[in-house]
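K.L.:
Structure, please.
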Amino acid sequence: MKVRKITIFSGEQFEVPQGIQRIDHRATHGWQLRYGGTKLFSDHSSDGSGAAASLDKATKELLKRIATLPAPSLLQRAPSQNKTSDLPVGISGPLLRVRRNGRTRDCSLSVLIPRFGNKPRRRTVYIGTENTYTAERFEAALARAIAMRSEAEEAYEMATTKAKRAEGRAHKAKLKADKQQGAGA
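P.N.:
The predicted model follows:
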């Protein structure tokens, strides 16, 4: 899990996991959890002396949410404003092309397949040739393309959640080891 060093107004330094932000504004001092909704963990002090305890509570809540909630998806949910067709996200076309050493032009849809940890892949869904292209064939190809993209999105989100939970477990183990090492010193 990504962590960063933050120095609060009192000069004290903390290693803060991704998903937790520091709030120091007028009379409000604490750590805000931003994962699966927001929640403020107040220091309950104006001098920053309760910052360590509130960060510990926020981190425990973060790890609990990571273990139970799906990871936030980074996939685009709506088409770009400059997309000229009414096709869903990740699907473009129909594309018209001539195959190598061929004379007949054929039409297909292009589907962007997201893959967690890898570059996305492009797949084509055949519609027909110029002579066999019909609205019914287009609708059938579009349905196949949408199903293909949905299946890939589901697999991507499952892999994202699995990776995020593994990060959470590793961070939890690190915190436990650090705590035991601090108690033994």
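K.L.:
what's the spacing between the residue sitting furthest away from the middle of the chain and S150?
P.N.:
Taking CA atoms, centre = their mean, the residue of the chain most remote from its mean C-alpha position is R103, at 44.0 Å. Per CB to CB, to the nearest Å, R103 is found 36 Å from S150. Just so you know, the C-beta spots here come from the backbone N, C-alpha and C atoms, and that holds for glycine as well.
K.L.:
Over to I127?
P.N.:
To S150, I127 is 19 Å away according to CB to CB.
K.L.:
Name the residue in those two with the higher neighbour count.
P.N.:
Neighbour count, other CB atoms under 10 Å: between I127 and S150, I127 has more, with 24 against 12.
K.L.:
all helices of this protein, in order?
P.N.:
Per DSSP state H, the chain carries helices over the ranges 51-68, 135-184.
K.L.:
The closest residue to G93 other than its chain neighbours - how many residues pack around it?
P.N.:
Closest residue to G93 apart from its sequence neighbours, by CB to CB, 6 or more residues apart in numbering: L109 at 3.9 Å. Per other CB under 10 Å, the neighbour tally for L109 reads 22.
K.L.:
Contact partners for L109?
P.N.:
When contacts are counted by CB atoms under 8 Å, 6 or more residues apart in numbering, L109 touches 87, 91-95, 124-125, 127, 141-142, 145.
K.L.:
in the sheet, who's paired with it?
P.N.:
With DSSP bridges as the criterion, L109 is bridged to V125.
K.L.:
Could you break the protein into its assigned domains?
P.N.:
1-69, 80-185 (automatic domain parsing).
K.L.:
Let's see the distance spanning the first one from one end to the other.
P.N.:
End-to-end distance for domain 1-69, by CA to CA, to the nearest Å: 16 Å.
K.L.:
what is the mean pLDDT for it?
P.N.:
Averaging pLDDT along domain 1-69 gives 90.
K.L.:
Do I have it right that D43 meets K57?
P.N.:
No - using CB atoms under 8 Å, D43 makes no contact with K57, being 10.5 Å away.
K.L.:
Compare neighbour counts for the two and give me the winner.
P.N.:
More neighbours surround D43 than the other of D43 and K57, with 22 against 17 (other CB under 10 Å).
K.L.:
what sits against that one?
P.N.:
Taking CB under 8 Å, 6+ apart as the criterion, D43 is in contact with 29-30, 49-51, 53-54.
K.L.:
Out of these, which comes closest to A166?
P.N.:
Closest approach between those and A166, by CB to CB: S54, at 26.4 Å.
K.L.:
Surely R22 and R4 touch.
P.N.:
No - with contact defined as CB under 8 Å, R22 and R4 do not form a contacting pair (10.4 Å).
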